[in-house]
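Enquirer: Kindly generate the corresponding structure for this input.
(2 chains)
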Number of protein chains: 2
Amino acid sequence: MSLFRPSVDQLHGYVPGEQPQEPGWVKLNTNENPYPPSPAVVEAITRTAKDRLHVYPDPLGRSFCRAAAEVLGVEPEWIIPANGSDENLTILVRTFTDKNDLISYPYPSYILYETLAEIQGTRHARLRLNADWSWNTRLNRPLLEQTKLLFVPNPNSPSGNKWDAGTILSLVPQQGVLVLDEAYGDFADQPHKLELLRGDKGDRIIVTRTFSKSYSLAGLRFGFAVAHPDTVAAMRKVKDSYNCDALSLAAAEAAIRDQAWMLSNRAKIVATRTRLQTALTELGFNVVPSQANFVWCTHPTRSHEELYLALKARKILIRYMKFPGGVDADAAHPEGLLDGLRITIGTDPQVDAFLSALSEII
Amino acid sequence: MSLFRPSVDQLHGYVPGEQPQEPGWVKLNTNENPYPPSPAVVEAITRTAKDRLHVYPDPLGRSFCRAAAEVLGVEPEWIIPANGSDENLTILVRTFTDKNDLISYPYPSYILYETLAEIQGTRHARLRLNADWSWNTRLNRPLLEQTKLLFVPNPNSPSGNKWDAGTILSLVPQQGVLVLDEAYGDFADQPHKLELLRGDKGDRIIVTRTFSKSYSLAGLRFGFAVAHPDTVAAMRKVKDSYNCDALSLAAAEAAIRDQAWMLSNRAKIVATRTRLQTALTELGFNVVPSQANFVWCTHPTRSHEELYLALKARKILIRYMKFPGGVDADAAHPEGLLDGLRITIGTDPQVDAFLSALSEII
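Expert: Numbers count the residues shown, from 1 in each chain, chains lettered A, B, ... in the order given. Okay, the predicted model is just below:
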């Protein structure tokens, strides 16, 4: 007889993108930033490593909170740092939902939301999107009305599109909260400035951000949430006491204070994104106009999985993703299967290597 | 109406020991190691910071697992790293217990176990210890029989005593698992070598270790558990995908490979511990012989809280701890309140400063 929780026995577990540890790969599969972090980050880490490692960090990371609050124009009490944005998503699930509560999220989107609901053992539901990645609010209304915790990534993954503020506001559950996952927010043409938190429904919206993408710090595991102080206070009760280490707190503070570095890398990525979208279109792909640091595309006739494998054989990693039930079943999608390729925006040479290999294969 | 889970509304939340961020304190309150980590750790952090921060770490930390397995003489599949040992305790709660399951732990011991049970919303129970910190197995038998998850810190905190292997084995719940929290294990006269995991009940024992104490890395947030591969596999499903960052994985690997550095600091701490115990006894305290990097003592007549405050006024921080119901009520403890002072073993000059101040006060 298993001693594990039944919901753990049933779990398949989240499968992260491939992370080959040996060099030699063109790695365009997990939305990492191809440019290095700010030199101020490396300096902060080196200083802290020599000085403060034998003592515990500040359990609330207050120095980072003050820096982030200054940059974002909110009060420090609205900020809660975490060991990666994923940890804040876990903390939110544990702050708001019990077994009978409903967690919902658009589908296709970030697969982890469903995994988190399964780990917690709550009810959960996929909110179906239209084929053009827009919301069908009427269709989803009955589920939204029951929802306690709604996760909405904006821009969305894998599609890379961004929903406007009016759409987002219309989704806030009447009996629950909306988590606006802005992991890719800095790459949008008009990045959010947390305006939604100041409106009528602001105390039922939590915005999450990560340092893994725009700040080039996927290896650091650092993210933060911005929310009403009552929500931050509840989340603090749930989190591990010392969830952020001294190195990541110092590094993240240095990173957020160096906006110029982040914005300069962002500009390069946006320029490469435009070029990649054009090239993919010319190769016959359907490309969703992206507001993120990746591009989602589908080909009308070629097998996406075969393209992915042919690229992988050349040590070029992109992400092949499939979403059963992601679209209505029809002749092209007999089982309603939506699949496609998600390509991270790398450096220009990386994207050139990818395009050159793809041209040969296709 | 609150939108938080009822169990979160009711939570007080764990209160970690004071962590003043400004310099000038003699800090003997949170069992940090007064000596710096191995130079190899600082070197590994500096190297990783320059090289690998923009990409995700290995989600399973396999390179660390191989190093730890080599040092400990187990297979790498028996190891699971975490963002501090506290995170592994949280993962264990979420792997094994649902609402109706019973979590139990000795009392007084590490207060966090109770907080973790409250966050998860499970049943939980304190297992009373005898006044000399030994187990009353007969008294606790009915609770042990119902227990799904039993936490036992060994050496215990705040007392610093260590229970023998026979006692530990007698506690393994028949319908559950024992988590042997060896945060302070390296300071014991005979540190465990994981023998218990190889015995009959080995698949129902999980040993947790931390780098915060013996390896001087409280600022890093790194710990690991050693358990049967089936348990490790279940815990991996529950943990955040990338729970350990690239810096802490590299640092911990360097630290565990430099056993000589850790053992040398341990020897200094054990020598200072002996000296501190003798001095406290001479000052009239009752001192529990310690197997950890701290000492628990009580004074027959003086107020422990007043001593703590008088020391704090001199910028010397020790831990004043009180445990309502920690002993049977009698004339000396009318409400069954056990309280006392827990003093971390610092450097010799720190302990001298503490003893000198205490002599003046007392």
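Enquirer: hang on, residue A:69 in a helix?
Expert: Yes: judged by DSSP: H, G, I helix; E, B strand; the rest coil, residue A:69 forms part of a helix.
Enquirer: Correct me if wrong: it contacts residue A:63.
Expert: No: contact between residue A:69 and residue A:63 fails when scored by Cβ atoms under 8 Å: they sit 10.9 Å apart. Just so you know, the C-beta spots here come from the backbone N, C-alpha and C atoms, and that holds for glycine as well.
Enquirer: For the stretch 51-200 of chain A, which residues are neighbours of chain B?
Expert: Neighbours of chain B within the stretch 51-200 of chain A, by Cβ under 8 Å from any Cβ of the partner chain: A:52-59, A:62-63, A:83-84, A:86-87, A:90, A:94-99, A:112, A:119, A:121, A:148, A:175-177.
Enquirer: let's go with 6 Å and repeat that
Expert: Within reach of chain B by Cβ under 6 Å from any Cβ of the partner chain, the stretch 51-200 of chain A has these residues: A:52-59, A:83-84, A:86-87, A:95, A:98, A:119.
Enquirer: what two of the residues you listed are the furthest from one another?
Expert: Pairwise distances across those (Cβ to Cβ) peak at 39.6 Å, for the pair A:54 and A:98.
Enquirer: Residue A:16: what secondary structure?
Expert: Per three-state DSSP, the local secondary structure of residue A:16 is coil.
Enquirer: What confidence value was assigned to it?
Expert: We have a pLDDT of 76 for residue A:16.
Enquirer: What count of nearby residues applies to it?
Expert: Neighbours of residue A:16 under the rule other Cβ atoms under 10 Å in any protein chain shown: 16.
Enquirer: which residues does residue A:304 contact?
Expert: A:320, A:339-341 (Cβ atoms under 6 Å, 6 or more residues apart in numbering or on different chains).
Enquirer: Residue A:286 too?
Expert: Shown in contact with residue A:286 (Cβ under 6 Å, 6+ apart): residue A:298.
Enquirer: neighbour count winner among residue A:54 and residue A:98?
Expert: Remark: of residue A:54 and residue A:98, residue A:54 carries more neighbours, 21 against 17, as counted by other Cβ under 10 Å.
Enquirer: how about the closest residue to that one other than its chain neighbours, what does it touch?
Expert: In this structure, residue A:54 finds its nearest non-sequential neighbour in residue B:216, 4.2 Å apart by Cβ to Cβ, 6 or more residues apart in numbering or on different chains. Neighbour list for residue B:216: A:54, B:33, B:35-37 [criterion: Cβ under 6 Å, 6+ apart].
Enquirer: Same check on residue A:187?
Expert: For residue A:187, the contact set (Cβ under 6 Å, 6+ apart) comprises A:292-293.
Enquirer: quick one: it from residue A:272, how far?
Expert: Here the criterion is Cβ to Cβ, to the nearest Å. By it, residue A:187 lies 11 Å from residue A:272.
Enquirer: can you check residue A:224 too?
Expert: Taking Cβ to Cβ as the measure, residue A:224 falls 27 Å from residue A:272.
Enquirer: Pick out whichever of those two has more residues nearby.
Expert: residue A:224 (24 against 19).
Enquirer: What degree of burial does residue A:234 show, as a neighbour count?
Expert: 25.
Enquirer: how near is the closest residue to residue A:268 other than its chain neighbours to residue B:111?
Expert: If the residues on either side of it in the chain are set aside, residue A:268 comes closest to residue A:35, at 6.9 Å by Cβ to Cβ, 6+ apart. The spacing between residue A:35 and residue B:111, counted by Cβ to Cβ, is 44 Å.
Enquirer: try residue A:84
Expert: Distance check for residue A:84 against residue B:111: by Cβ to Cβ, it reads 26 Å.
Enquirer: Kindly report the same for residue A:302.
Expert: For residue A:302 relative to residue B:111 (Cβ to Cβ), the value is 59 Å.
Enquirer: before we move on, back to that, okay, residue A:84 and residue B:111: which has more neighbours?
Expert: Shown here are residue A:84 and residue B:111; by other Cβ under 10 Å, residue A:84 has more neighbours (28 against 17).
Enquirer: List the contacts of the closest residue in space to the more buried one that isn't next to it in sequence.
Expert: Among residues not flanking residue A:84 along the chain, residue A:221 sits closest, at 4.0 Å (Cβ to Cβ, 6+ apart). Residue A:221 is in contact with A:83-84, B:242, B:245, counting by Cβ under 6 Å, 6+ apart.
Enquirer: could I get the residues you listed as JSON lines with pLDDT?
Expert: Output for the contacts of residue A:221, formatted as JSON lines (pLDDT from 0 to 100):
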{"residue": "A:83", "pLDDT": "98"}
{"residue": "A:84", "pLDDT": "97"}
{"residue": "B:242", "pLDDT": "96"}
{"residue": "B:245", "pLDDT": "98"}
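Enquirer: among these, which are in strands?
Expert: Among these, no member is found in strands (DSSP state E).
Enquirer: Show me how chain A divides into domains.
Expert: Following automatic domain parsing, chain A resolves into domains at A:6-30+A:260-361, A:39-259.
Enquirer: that older thread, most neighbours of all the contacts of residue A:304, which one?
Expert: The residue in the contacts of residue A:304 with the most neighbours, by other Cβ under 10 Å, is residue A:341 (26 neighbours).
Enquirer: what's that one sitting at in phi/psi?
Expert: The phi/psi pair for residue A:341 (degrees, to the nearest 10) reads phi -120, psi 130.
Enquirer: which residues does it form a beta bridge with?
Expert: Applying DSSP bridges to residue A:341 gives these bridge partners: residue A:297, residue A:320.
Enquirer: check contacts around it.
Expert: Shown in contact with residue A:341 (Cβ under 6 Å, 6+ apart): A:297, A:304, A:318.
Enquirer: Now for the first one, how many residues are close by?
Expert: By the measure other Cβ under 10 Å, the count of residues near residue A:297 is 23.
Enquirer: I figured it was touching residue A:287, is that so?
Expert: Yes: judged on Cβ atoms under 6 Å, residue A:297 makes contact with residue A:287 at a distance of 4.6 Å.
Enquirer: Which residues are in contact with each of these two?
Expert: By Cβ under 6 Å, 6+ apart, residue A:297 and residue A:287 have these common neighbours: residue A:280.
Enquirer: Based on its surroundings, how many neighbours for the residue of the stretch 1-150 of chain A found nearest chain B?
Expert: Chain B sits closest to residue A:13 of the stretch 1-150 of chain A, with a gap of 3.8 Å, by Cβ to the nearest Cβ. A total of 16 residues lie near residue A:13 under the criterion other Cβ under 10 Å.
Enquirer: Give me the distance between the nearest residue to it once chain neighbours are set aside and residue A:9.
Expert: Nearest residue to residue A:13, sequence neighbours excluded (Cβ to Cβ, 6+ apart): residue B:237, at 3.8 Å. From residue B:237 across to residue A:9, the span is 9 Å (Cβ to Cβ).
Enquirer: okay, the two: which has more neighbours?
Expert: Taking neighbours as other Cβ under 10 Å, residue B:237 and residue A:9 compare with residue B:237 leading, 21 against 11.
Enquirer: Now the more buried one: phi and psi?
Expert: Note on residue B:237: its backbone torsions stand at phi -70, psi -30 [degrees, to the nearest 10].
Enquirer: What strand or helix carries the residue nearest to residue A:54?
Expert: Using DSSP states H and E, residue B:216 sits in no helix or strand.
Enquirer: on that earlier part again, so the residue of the stretch 1-150 of chain A closest to chain B belongs to a strand, correct?
Expert: No: secondary structure assignment places residue A:13 outside any strand; it is coil (three-state DSSP).
Enquirer: In this structure it contacts residue B:239, no?
Expert: No: checked against Cβ under 6 Å, the pair residue A:13 and residue B:239 is beyond contact range at 9.2 Å.
Enquirer: circling back: would you mind putting the domains of chain A into a markdown table with distance to residue B:354 alongside?
Expert: Below are the domains of chain A laid out as a markdown table (distance: least, Cβ to Cβ, whole Å):
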| stretch | distance to residue B:354 |
| --- | --- |
| domain A:6-30+A:260-361 | 45 |
| domain A:39-259 | 17 |
